[in-house]
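Student: Sequence and predicted structure are below.
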Amino acid sequence: MPSLQSQYEKARRVLPGGVNSSVRFNRALGTPFYVSRTRGSRVWSIEGREFIDMCCAHGAALLGHAHPAIERALHKAIATGFANSFETGYHEQLAAKLCACIPCAERIRFCSSGTEATLHLIRACRAFTGRDKIIRVEGHFHGYHELIYIGGQPPAAAFAGNRTHPYVETPGIPAAFADFIIPVPFNDPEALASAITDHGHEAAMVILEPVNYNSGGIMPQQGYLEIVRKLTRDAGIVLFFDEIQSAFKKSPGGAQSDFGVIPDVCTVGKAIGGGFPLSAFCGRAAIMDLLQPVGPVQHSGTFNAHLIPVLAGLAFLDEVAKPEFYARLQALESAFYSGVDRIIKKHDLNMIVPHHGARFNILLGRRTPAVRYEDTFCHDKQAMLEIVRGCYDRGVYFHDYGGGPAHHGYSVQHTPEDIGLVLEVLDDVLGSLKGKLR
Ligand code: PLP
């Protein structure tokens with residue numbers, strides 16, 4: 001049986017870093033987590049060890065792994081010969097069902113990844129307004145492309161200058177792209193109002209994660225989203241919620257329905273493909289109908305809305321529509337988060353576990369909620385590696401993303417017993433860190 005280390009040695013000869021997505025390298029293990037099989041709430045490493053999965057495909061496995069409904073969808077796709085690169089009646093059914101779930105969605109288009117969805121929707125918003133600049137919120141993440149992988153998550157050392165020279169988050173993106181980006185702090189209505197006063201005439205959109213899962217699970221403060229809605233509406237700027245992560249985690253309408261603030265447009269992704277690559281962007285008809293062949297804006301792709309993810313998406317929505325789906329997630333939610341709170345109190349730990357539905361963060365080094373991105377700089381990355389390692393040794397897989405406080409989660413196939421086991425492991429591992437957390 002291969003070990004993680006031996007597989008890593010082989011893989012890195014042909015795949016940079018032994019992976020196909022840079023964040024799959026797990027620093028806590030010193031290798032990527034190579035797996036042989038997944039099912040339900042479980043994942044098996046290539047070394048044959050079984051784990052409870054608390055990564056859940058970075059939020060894509062809300063249904064758990066290999067859900068029977070998704071397996072049936074796959075067989076249905078095989079029976080059609082995959083009907084690849086054609087439209088089918090299933091595409092319209094999926095679009096109609098999603099438009100019925102997501103409050104801002106009058107029209108919708110599909111693609112494969114979250115990164116693609118934000119790219120195409122940014123283009124449509126620019127075309128709609130005839131403006132090029134993007135007001136974005138610090139700490140929020142919207143994919144890895146040139147248009148928006150700027151000014152979101154600068155390292156602490158580069159943070160101070162981010163608002164005057166937005167930080168370009170990877171070499172290879174020309175500095176000129178930063179000229180289009182106007183970063184503002186989260187939960188700061190005055191800063192947004194002032195950015196709109198200065199740049200409203202050239203800004204196409206305000207883009208944000210309604211729940212900032214990508215930087216410590218920062219929640220919008222009471223009334224903040226409502227003010228953002230009013231400021232953007234008054235200024236004629238498109239309000240763009242990136243719900244790639246938040247969609248379906250707590251309710252079928254996403255964070256926009258959880259908080260009762262409806263943007264003009266949004267992206268959704270991850271969970272909606274039931275484990276297959278499916279993302280979408282949607283919103284007001286006036287914006288979406290700019291897409292060719294109705295309007296002039298290009299959005300095409302050979303594999304857009306491939307039949308397998310489309311059928312998997314329909315199966316996903318059928319599961320979500322069952323009354324027991326959110327009842328089950330809510331039962332896990334109360335058991336898990338109250339259990340974690342008890343552990344934090346018991347060991348008097350300097351940490352919080354912010355959460356919204358089935359996705360949560362572990363933020364070390366503070367006891368009160370973070371409000372802005374810079375509030376997460378306290379996160380003790382070394383201690384987090386110890387936590388990930390300690391849980392791994394005891395059969396629970398948390399992913400390390402190599403940066404700040406990461407998000408984790410469970411699926412509808414996790415059982416109360418799984419959650420109980422995870423809590424036992426966390427009690428043990430966090431207890432051993434008592435007094436050591438900065
Ligand atoms: N937007 C948000 C809010 C995300 O959380 C992510 C991924 O984590 C993306 C965009 C990019 O999605 P993908 O990894 O599918 O390209």
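Tutor: Yes, it's here.
Student: tell me how far the stretch of helix or strand Ala331 belongs to is from the chain's mean position?
Tutor: Following DSSP states H and E, one finds Ala331 within helix 323-347. Distance, stretch centre to chain centre, for helix 323-347: 20 Å (C-alpha atoms, centre = their mean, to the nearest Å).
Student: hmm, who's touching the helix or strand that it is followed by?
Tutor: Downstream of helix 323-347, the next assigned helix or strand under DSSP H and E is strand 351-352. Residues from elsewhere that reach strand 351-352 (C-beta atoms under 8 Å, 6 or more residues apart in numbering): Ile344, Ile362, Leu363, Leu364, Gly365, Arg366, Arg367, Thr368, Pro369, Ala370, Leu430, Leu437. For the C-beta atoms, the positions are set from N, CA and C on the backbone; glycine is no exception.
Student: run the last query once more with 7 Å
Tutor: Ile344, Ile362, Leu363, Leu364, Arg366, Arg367, Pro369, Leu437 (C-beta atoms under 7 Å, 6 or more residues apart in numbering).
Student: any idea how far Leu290 is from the residue positioned nearest the centre of the chain?
Tutor: Central residue of the chain (C-alpha atoms, centre = their mean): Gln245, 2.9 Å from the mean position. Note on Gln245: its distance to Leu290, by C-beta to C-beta, to the nearest Å, is 26 Å.
Student: Chain neighbours aside, what residue packs nearest to the residue nearest to the centre of the chain?
Tutor: Tyr213 (4.7 Å; C-beta to C-beta, 6 or more residues apart in numbering).
Student: show me the contacts for the closest residue to the ligand within the stretch 101-250 of the chain.
Tutor: Residue nearest to the ligand within the stretch 101-250 of the chain: Gly114 (2.2 Å; C-beta to the nearest ligand atom). The contact partners of Gly114, by C-beta under 7 Å, 6+ apart, come to Gly143, Ile244, Thr267, Gly269, Lys270, Ser279.
Student: what's the neighbour count on Glu47?
Tutor: Neighbourhood size, Glu47 [other C-beta atoms under 10 Å]: 15.
Student: same thing with Glu417?
Tutor: By other C-beta under 10 Å, neighbour count at Glu417 equals 10.
Student: and if you look at the one 3 residues further on?
Tutor: Under the neighbour criterion other C-beta under 10 Å, Gly420 is assigned a count of 13.
Student: Dihedrals phi and psi, it?
Tutor: phi -60, psi -40 (degrees, to the nearest 10).
Student: now Ala66
Tutor: Dihedral angles phi and psi of Ala66 (degrees, to the nearest 10) take the values phi 50, psi 50.
Student: ok, it to Gln245 distance?
Tutor: 22 Å.
Student: related to what we said a few turns ago, I'd like the contacts of Gly114 written out as TSV, with pLDDT, secondary structure and neighbour count added.
Tutor: Shown next, in TSV, are those (pLDDT from 0 to 100; DSSP: H, G, I helix; E, B strand; the rest coil; neighbours: other C-beta atoms under 10 Å):
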residue	pLDDT	secondary structure	neighbour count
Gly143	98	coil	21
Ile244	98	coil	29
Thr267	98	strand	29
Gly269	98	coil	28
Lys270	98	helix	26
Ser279	98	strand	28
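Student: Contacts only, for the closest residue to Arg107 other than its chain neighbours.
Tutor: Distances taken as C-beta to C-beta, 6+ apart place Met288 nearest to Arg107, at 3.6 Å, with adjacent residues excluded. Taking C-beta under 7 Å, 6+ apart, we find Met288 in contact with Glu106, Arg107, Arg109, Ala124, Cys282.
Student: Now render those as TSV, adding secondary structure.
Tutor: Listed next are these as TSV, based on DSSP: H, G, I helix; E, B strand; the rest coil:
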residue	secondary structure
Glu106	coil
Arg107	strand
Arg109	strand
Ala124	helix
Cys282	strand
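Student: Who wins on neighbours among those?
Tutor: For the contacts of Met288, neighbours tallied by other C-beta under 10 Å; top is Ala124, 26 neighbours.
Student: Pretty sure that residue sits against Ile287.
Tutor: Yes. Taking contacts as C-beta atoms under 7 Å, Ala124 lies within contact range of Ile287: 5.6 Å.
Student: Residue numbers of the stretch 51-200 of the chain in contact with the ligand?
Tutor: His58, Ser113, Gly114, Thr115, Thr118, Phe141, His142, Gly143 (C-beta under 6 Å from any ligand atom).
Student: Between which two of those is the distance greatest?
Tutor: His58 and Thr118 (15.6 Å; C-beta to C-beta).
Student: and these two? which has more neighbours close in?
Tutor: Neighbour comparison, His58 and Thr118: the larger count goes to Thr118, with 27 against 20 (by other C-beta under 10 Å).
Student: Now do the same for that one: helix, strand or coil?
Tutor: Per three-state DSSP, Thr118 ends up helix.
Student: close enough to count as contact, Gln153 and Asn212?
Tutor: No. Counting by C-beta under 7 Å, Gln153 does not reach Asn212; the two are 10.3 Å apart.
Student: And the residue nearest to Arg107, how close does it get to Ala280?
Tutor: From Met288 to Ala280 the distance is 11 Å (C-beta to C-beta).
Student: Quick check: buried residues in stretch 261-274?
Tutor: 261-274 (16 or more other C-beta atoms under 10 Å).
Student: Give me the distance from it to the chain's centre.
Tutor: With C-alpha atoms, centre = their mean, you get 10 Å for stretch 261-274.
Student: okay, how far is it across that stretch, tip to tip?
Tutor: 26 Å (C-alpha to C-alpha, to the nearest Å).
Student: same deal with stretch 349-366?
Tutor: 9 Å.
Student: what about it and the ligand, any contact?
Tutor: No. Against the ligand, stretch 349-366 shows no contacts by C-beta under 6 Å from any ligand atom, the least distance being 9.6 Å.
Student: What mean pLDDT does that stretch get?
Tutor: The pLDDT scores in stretch 349-366 average 97.
Student: One more: stretch 322-335?
Tutor: Computed over stretch 322-335, the average pLDDT equals 97.
Student: Off-centre distance for it?
Tutor: Using C-alpha atoms, centre = their mean, the offset of stretch 322-335 from its chain centre is 20 Å.
Student: swap in stretch 120-127?
Tutor: That offset, for stretch 120-127, works out to 20 Å (C-alpha atoms, centre = their mean).
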